[in-house]
Structures are given as structure tokens and as C-alpha cells.
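Peer 1: Have a look; sequence and predicted model below, questions after that.
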Amino acid sequence: MPHSVTLITTIAVSFGLALLMGLIAHRLKLPVLLGYLTAGVILGSNTPGFVADMELSGQLAEIGVILLMFGVGLHFSLDDLLAVRRIALPGALVQIAVATAFGAIVAISWGWNLVVGIVYGVALSTASTVVLLRALEQRGLLKSVNGSIAVGWLIVEDLAMVLVLVLLPPLAGWMGVDPGSSTPPVQSDPNLLTTLLITFGKVSVFVALMLIVGKRVFPKLLWYVASTNSQELFILSIIAVAIGIAYGSAMLFGVSFALGAFFAGMVMRESDLSHRAAQESLPLRDAFSVLFFVSVGMLFDPNVLIDQPLRVLATLGIIIVGKSLAAFLIVLVFRYPLNTALTVSASLAQIGEFSFILAALGVSLGLLPVEAQSLILAGAFISITLNPLVFKIIEPAQAWIRARSKLARLLERSDDPLAELPTTVASSYVTSHVVLVGYGRVGRYIGEALAKKGTPLVVAEQNREIVEGLRRSGIHAVAGDAAEPAVLIQAHIARAAMLVIAVPDTLRARRMIEIARILNPPVEIIVRTHNEEEAALLRKESGGEVFLGEHELALSMTRYVLEKVVPNNEKRESSELHSAKSP
């Protein structure tokens with residue numbers, strides 16, 4: 001029986017051309033992401049030749065976003081989000097406000113009205129979660145403090161954009177404006193507050209159901225399916241839960257697919273099988289994320305680069321410079337290290353899926369001219385392409401700023417009570433002690449074991465909330481990036497018996513080792529890493545023990561540290577007791 005093959009054609013052509021252009025980009029030593037975007041441009045209606053089905057491509061790309069956000073939820077617990085709430089929540093909201101203001105000012109200078117400027121600015125204020133996660137994963141930063149802050153920041157942005165998407169239609173009626181008009185709106189709608197309350201109510205009910213009911217039901221479902229010993233059923237259960245919850249949340253509660261999938265992954269994380277679920281869903285996630293980038297390329301009209309080059313540059317300036325600079329200053333004001341500020345600002349130097357949705361909705365509601373949508377897509381295409389390069393300049397930018405900006409150095413550590421140990425700490429406690437870098441899952445396990453044994457310990461941790469919690473519990477800790485000499489100096493590395501590096505960042509670990517060897521050559525060094533190649537390099541540089549993995553690694557590292565440190569402490573205590581008894 002004859003039937004339509006539009007879906008098959010779209011998938012086949014998209015994957016085939018994405019592969020070809022990705023290989024070409026790789027051979028030219030360019031990001032493969034540029035190849036995927038270029039494939040989309042070729043398949044789009046704005047270039048001659050074959051035109052793929054735009055609607056089907058958009059839906060396929062949405063599946064990629066769903067699976068990707070589901071994977072984020074599997075790795076990012078509510079505790080992780082709460083751990084960075086003090087910087088992610090205010091930081092994201094202030095950054096959105098600043099970017100929106102920049103967009104409105106530029107739009108008004110072009111002759112657009114205030115309403116168009118606000119919608120245009122909001123569309124430029126939110127970064128792409130898809131692009132961010134790919135960048136963090138490629139650099140091994142997803143589980144780092146910097147990665148957690150960046151992901152938490154974008155989750156807050158996504159929540160804000162969900163609210164904007166729900167409120168735009170009633171706001172359009174309230175504003176009653178023609179995009180080409182320069183006259184501000186004067187109408188009002190008494191039902192606006194009701195709409196706002198209903199929106200908050202729906203989101204609250206959805207979140208409550210996921211955290212109360214979902215955390216109990218879905219992990220049990222995963223265990224039940226796993227008991228069948230069928231890999232096919234296990235994979236099917238993962239995909240069914242991810243897409244099913246995402247769809248249900250959108251239909252029943254008005255929540256975006258991406259946010260619904262994120263909460264689905266977060267509740268599934270409560271299961272001990274969450275790591276297997278993440279691994280099994282990875283191939284599908286990668287495949288559909290390719291379709292997402294291809295669909296972005298399809299929307300891009302290259303003619304806008306020729307017709308409106310100055311406006312494209314202004315749009316790109318807001319995305320890469322304006323909102324990134326705002327985020328950079330916000331992170332420094334919260335007294336996080338310069339490295340964190342640069343990583344977060346680089347993560348936000350692009351726009352993506354929510355920007356496309358906002359632009360399309362704005363045009364359909366008459367709140368944006370088509371030209372504004374073209375500029376937003378141009379900004380997305382170029383900023384996504386340039387984002388890997390932005391990440392690459394983090395290190396030289398950090399060195400340049402520290403060498404030339406006294407203000408940045410002052411903002412980073414000036415009068416910060418968490419950046420140094422209290423003066424009340426006894427000298428004996430920071431002599432022959434353990435300096436523990438990182439207090440995540442592995443570091444916490446080691447630190448708690450040392451604390452139970454009464455072993456002198458100083459923790460160096462980038463997350464300020466964790467440092468505050470440690471100090472309240474009686475554990476000495478300093479806030480900052482231990483790859484900087486000042487942080488290890490404050491942890492008294494010069495008098496330490498052991499340095500335990502519990503963060504899986506090889507580049508930063510090498511710097512810590514170098515600093516420690518200069519300040520304390522005989523110090524014993526224990527390092528964590530993820531693969532054998534990095535382990536061999538770290539063993540050579542540290543001269544100490546290197547452990548691989550995560551869960552079994554925490555147990556092995558703890559056992560090794562206790563075996564090395566506790567006997568020495570017991571000998572020291574015995575010697576001090578003997579000296580006290582001597583006449």
C-alpha cells in the first residue's frame with residue numbers, strides 16, 4: 001500500500017548530510033557542531049536544492065532536547081541545585097534582566113517600540129542547555145563545581161522562560177501592539193494576575209507530584225523492568241518514562257518538554273540503576289541532538305548577514321559580550337574564583353532552543369517583526385559556532401586579567417572571610433594535617449571518614465555554600481580554586497602531611513601538584529582521575545597514588561588515606577602524651 005516516507009526521508013537526509021559536513025569540519029579542525037549547523041542551512045528553505053520537512057525536523061529535534069534534559073536530570077539532583085541556589089537563582093535573574101535591557105535599548109535605537117525590544121531582549125537572554133551540556137561534557141566539567149553552577153544557572157533560566165512562554169499570549173492581548181509601531185501599549189487586562197497565579201499553580205503541582213510521587217514510583221518501575229534481565233525492555237522503559245513524562249507535563253501542566261524531561265531524570269536518579277540508565281540512553285541522546293542542530297541550521301537565512309550586518313553584530317555583541325560580562329561580574333561579586341566566573345560567562349555566550357521558541361511565538365502573536373526573528377537565528381547560529389572558541393580562551397583570559405586587573409583580583413578575594421582560615425585555628429591543627437581538595441561525592445566520603453578518626457583536616461572547596469556548611473559543622477575549610485597558590489597557602493599546604501585531590505579535573509590537578517611540590521616537596525599526594533592515560537601522567541607528576549572511578553574510588557581512597565595518616569597521628573599523640581608525663 002502506498003504511504004508517505006516524509007519522516008524517513010527527513011531522518012535519512014539529515015543524518016547523512018550531518019555526517020558528511022561533520023567530517024569535513026573535523027578535517028578542517030573546526031567544531032563538528034559547525035558541520036551539523038551547515039547541514040541544516042543546506043537543507044533549509046533559504047538555500048537552493050532539496051528542502052527538508054521543517055515541521056518534522058523540529059519535532060525530531062524536540063525529542064533530542066527531551067532525552068538530553070532527561071540525562072541532565074539523571075546526573076543533577078535536587079541537592080545539587082540547592083547547593084548552588086544562592087548564586088544560580090539571583091545570578092540568572094539579574095543576568096536575564098541585564099540582557100533584556102540591552103536588547104530593548106538596541107531595539108529602540110533601531111526604531112522598534114519598547115514591547116518589541118523587551119521580547120527581543122528576553123529571547124537573547126537565555127542560553128542553550130543543549131550547547132552548554134555538550135561543551136561541559138567535552139571538557140570534563142559537567143560534575144565540577146563550575147559545571148554545577150552553570151547548569152543550575154541555566155535551569156533557573158529555563159524555569160523563567162517557561163513562565164514567559166505561558167504568559168506571552170495573555171500579555172499580547174494586554175499589550176495590544178503592532179510590532180512596527182513605536183507607540184507603547186496602554187491597554188490593561190484584569191485577568192493577568194489570575195493567569196500568573198494559575199501558571200505558578202500548575203508548575204507547583206507538577207513539581208510536587210514529581211518530587212513526592214515520582215521519586216517513589218519511577219525508581220521502583222526501573223528496578224522491576226531490570227529484573228526481567230531484558231536490555232531491550234530496560235532501554236524502552238527509559239525512553240518511555242523520559243518522553244512520556246515530558247509529553248504529559250506539557251499537555252497537563254503547560255510545562256515545557258525540556259523541563260518535564262529534566263524532572264523525570266531527576267526522580268529516576270533516586271534509583272541505584274540511574275548510572276546504567278544514563279549510559280543506555282546516551283546513543284539515542286547523541287543521535288537526536290544532531291537533529292536538533294540540523295533543525296537550527298534550517299531556520300537560518302544567510303541573507304540577513306548581507307542585508308543587516310551591523311544589526312547582526314549588535315545582536316551578537318549582546319549575546320557574547322553583554323550578558324556574558326554581566327554573568328562574569330555577578331559571579332565575582334558573589335566572591336567565587338575567577339575561573340568560575342569565566343566558565344559561567346563562557347557557558348552563557350550563546351543562545352538556543354528557548355530563543356527559537358520565543359522568537360516564533362513572538363512573531364505569531366505580533367510582538368516581533370520577522371526581521372527580529374532572523375536576527376535572533378543569526379545570533380544563535382554564529383554564537384553556537386563560536387562557543388567552543390570562547391571556552392578555549394578561558395585560560396589565556398584568566399592569566400591576562402590576573403596580570404593586568406587589580407580590580408578583578410580584589411573582587412575575587414577582598415575581605416572574604418571564607419577565603420582564609422579563622423585566626424582561632426590552633427597551629428598544631430594545621431601541622432602534619434590532610435588538605436582535601438573538593439567536597440563532592442568522593443571528597444565528602446573521605447572527609448567524613450577522617451573527621452570520625454579525629455584526623456586534622458582542612459578542606460579547599462570552590463562552592464561557598466559547602467564551605468559555610470563545613471565551618472558550621474566544625475570542619476576547617478577555605479573557599480576558592482585550589483589550582484591557585486593563595487588557596488593552598490591558606491590551607492597551610494606547606495606544613496601538611498598529605499594532599500588529597502578529590503576533583504576529577506586533570507588540568508587543575510596538575511597545577512595543584514606543581515604548587516604543592518614547590519611549597520612542600522615531601523608532601524604525599526593522592527589524586528583522583530577518570531582514565532588510565534590521565535592516571536599515568538598524574539602518577540609521573542605527583543609521585544603519589546592515583547585512583548580511577550567514583551563510587552569504588554571513594555572507598556579505596558578513604559582506606560588508603562586512613563592507612564597512611566591515622567597511624568602517624570596515633571604515634572604523634574602517643575609522643576605528646578609521653579612528653580606530658582615526663583618530668
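Peer 2: Yes, it's here. Residues are numbered from 1 along each chain as shown.
Peer 1: any idea of the mean pLDDT for the helix or strand hosting I513?
Peer 2: Assessed by DSSP states H and E, I513 sits inside helix 506-519. Here helix 506-519 scores 86 as its mean pLDDT.
Peer 1: Likewise for stretch 290-310?
Peer 2: 85.
Peer 1: how about the host helix or strand of Q59: buried residues?
Peer 2: Using DSSP H and E, Q59 maps to helix 54-75. Buried positions in helix 54-75, judged by neighbour count with 16 or more other C-beta atoms under 10 Å: 56-58, 60-75. The way it works is simple: take the backbone N, C-alpha and C, and place the C-beta from them, glycine included.
Peer 1: Only C-alpha atoms, please: export it in CSV.
Peer 2: Provided in CSV are the C-alpha atoms of helix 54-75 (Å, rounded to 0.1, in the frame of the first residue of the first chain):
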residue,chain,number,x,y,z
MET,A,54,10.8,21.8,8.7
GLU,A,55,7.9,20.7,11.0
LEU,A,56,9.1,17.1,11.3
SER,A,57,12.7,18.3,11.8
GLY,A,58,11.5,20.5,14.7
GLN,A,59,9.7,17.6,16.4
LEU,A,60,12.7,15.3,16.0
ALA,A,61,14.9,18.0,17.5
GLU,A,62,12.5,18.3,20.4
ILE,A,63,13.0,14.6,21.1
GLY,A,64,16.7,15.3,21.3
VAL,A,65,16.2,18.1,23.8
ILE,A,66,13.9,15.8,25.9
LEU,A,67,16.5,13.0,26.0
LEU,A,68,19.3,15.4,26.8
MET,A,69,17.4,17.0,29.6
PHE,A,70,16.5,13.6,30.9
GLY,A,71,20.2,12.8,31.1
VAL,A,72,20.9,16.0,32.9
GLY,A,73,18.3,15.1,35.5
LEU,A,74,19.9,11.7,35.9
HIS,A,75,23.2,13.4,36.9
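Peer 1: What helices and strands are in contact with it?
Peer 2: Identification of packing neighbours for helix 54-75 by 3 or more C-beta pairs under 8 Å, 6 or more residues apart in numbering; DSSP states H and E yields helix 6-27, helix 129-138, helix 231-253, helix 257-268, helix 274-299.
Peer 1: between that helix and helix 274-299, how big is the angle?
Peer 2: Orientation check (axes from the mean of the first three to the mean of the last three C-alpha atoms, to 10 degrees): helix 54-75 against helix 274-299 gives 150 degrees.
Peer 1: Please compute how far helix 54-75 lies from its chain's middle.
Peer 2: Relative to its chain's centre, helix 54-75 lies at 16 Å (C-alpha atoms, centre = their mean, to the nearest Å).
Peer 1: now do stretch 339-359
Peer 2: Using C-alpha atoms, centre = their mean, the offset of stretch 339-359 from its chain centre is 10 Å.
Peer 1: residue boundaries of the strands in the chain?
Peer 2: Using DSSP state E, the strands of the chain run over residues 434-437, 457-461, 476-479, 498-501, 524-529, 545-548.
Peer 1: JSON lines for the helices and strands packed on helix 54-75, including mean neighbour count and distance to P219?
Peer 2: Shown next, in JSON lines, are those (neighbours: other C-beta atoms under 10 Å; distance: least, C-beta to C-beta, whole Å):
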{"stretch": "helix 6-27", "mean neighbour count": "16", "distance to P219": "33"}
{"stretch": "helix 129-138", "mean neighbour count": "21", "distance to P219": "23"}
{"stretch": "helix 231-253", "mean neighbour count": "18", "distance to P219": "10"}
{"stretch": "helix 257-268", "mean neighbour count": "26", "distance to P219": "6"}
{"stretch": "helix 274-299", "mean neighbour count": "21", "distance to P219": "8"}
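Peer 1: For N46, find the nearest of those.
Peer 2: For these, distance to N46 was read as C-beta to C-beta. The smallest value, 8.3 Å, belongs to helix 274-299.
Peer 1: Counting by contacts, list what the closest one packs against.
Peer 2: By 3+ C-beta pairs under 8 Å, 6+ apart, helix 274-299 packs against helix 6-27, helix 32-43, helix 54-75, helix 129-138, helix 231-253, helix 353-364, helix 370-392.
Peer 1: Would you mind giving those helices as JSON lines with distance to M268 and mean pLDDT added?
Peer 2: Converted to JSON lines, the helices and strands packed on helix 274-299 look like this (distance: least, C-beta to C-beta, whole Å; pLDDT from 0 to 100):
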{"stretch": "helix 6-27", "distance to M268": "27", "mean pLDDT": "91"}
{"stretch": "helix 32-43", "distance to M268": "28", "mean pLDDT": "87"}
{"stretch": "helix 54-75", "distance to M268": "6", "mean pLDDT": "79"}
{"stretch": "helix 129-138", "distance to M268": "17", "mean pLDDT": "78"}
{"stretch": "helix 231-253", "distance to M268": "7", "mean pLDDT": "86"}
{"stretch": "helix 353-364", "distance to M268": "22", "mean pLDDT": "82"}
{"stretch": "helix 370-392", "distance to M268": "29", "mean pLDDT": "87"}
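Peer 1: rewinding a little: now render the strands of the chain as CSV, adding mean neighbour count.
Peer 2: Listed next are the strands of the chain as CSV, based on neighbours: other C-beta atoms under 10 Å:
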stretch, mean neighbour count
strand 434-437, 28
strand 457-461, 27
strand 476-479, 24
strand 498-501, 28
strand 524-529, 24
strand 545-548, 19
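Peer 1: Let me know which of those is the nearest to G297.
Peer 2: When the strands of the chain are compared by C-beta to C-beta, strand 524-529 sits nearest G297, at 36.6 Å.
Peer 1: quick check: angle from the closest one to helix 506-519?
Peer 2: Using the same axes, to 10 degrees: strand 524-529 against helix 506-519 is 170 degrees.
Peer 1: Check the offset of the helix holding I513 from the chain's centre.
Peer 2: The answer for helix 506-519 is 25 Å, by C-alpha atoms, centre = their mean.
Peer 1: One more: stretch 275-291?
Peer 2: A distance of 17 Å separates the centroid of the chain from that of stretch 275-291, by C-alpha atoms, centre = their mean.
Peer 1: Over to stretch 130-139?
Peer 2: Mean C-alpha position of stretch 130-139 versus that of the full chain (C-alpha atoms, centre = their mean) differs by 8 Å.
Peer 1: Can you show me the CA trace of it as PDB?
Peer 2: Extracted in PDB, the C-alpha atoms of stretch 130-139 (Å, rounded to 0.1, in the frame of the first residue of the first chain):
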ATOM      1  CA  VAL A 130      22.000  21.500  24.700                       C
ATOM      2  CA  VAL A 131      25.100  23.500  23.700                       C
ATOM      3  CA  LEU A 132      26.100  24.000  27.300                       C
ATOM      4  CA  LEU A 133      26.000  20.400  28.300                       C
ATOM      5  CA  ARG A 134      27.900  19.300  25.200                       C
ATOM      6  CA  ALA A 135      30.600  21.900  25.900                       C
ATOM      7  CA  LEU A 136      30.800  20.800  29.600                       C
ATOM      8  CA  GLU A 137      30.900  17.100  28.800                       C
ATOM      9  CA  GLN A 138      33.600  17.500  26.200                       C
ATOM     10  CA  ARG A 139      35.800  19.300  28.800                       C
END
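Peer 1: can you list the residues that contact that stretch?
Peer 2: Residues from elsewhere that reach stretch 130-139 (C-beta atoms under 8 Å, 6 or more residues apart in numbering): 33, 64-65, 68, 71-72, 142, 147, 150-151, 154, 289, 292-293, 346-347, 350, 352-353, 384, 387-388, 391.
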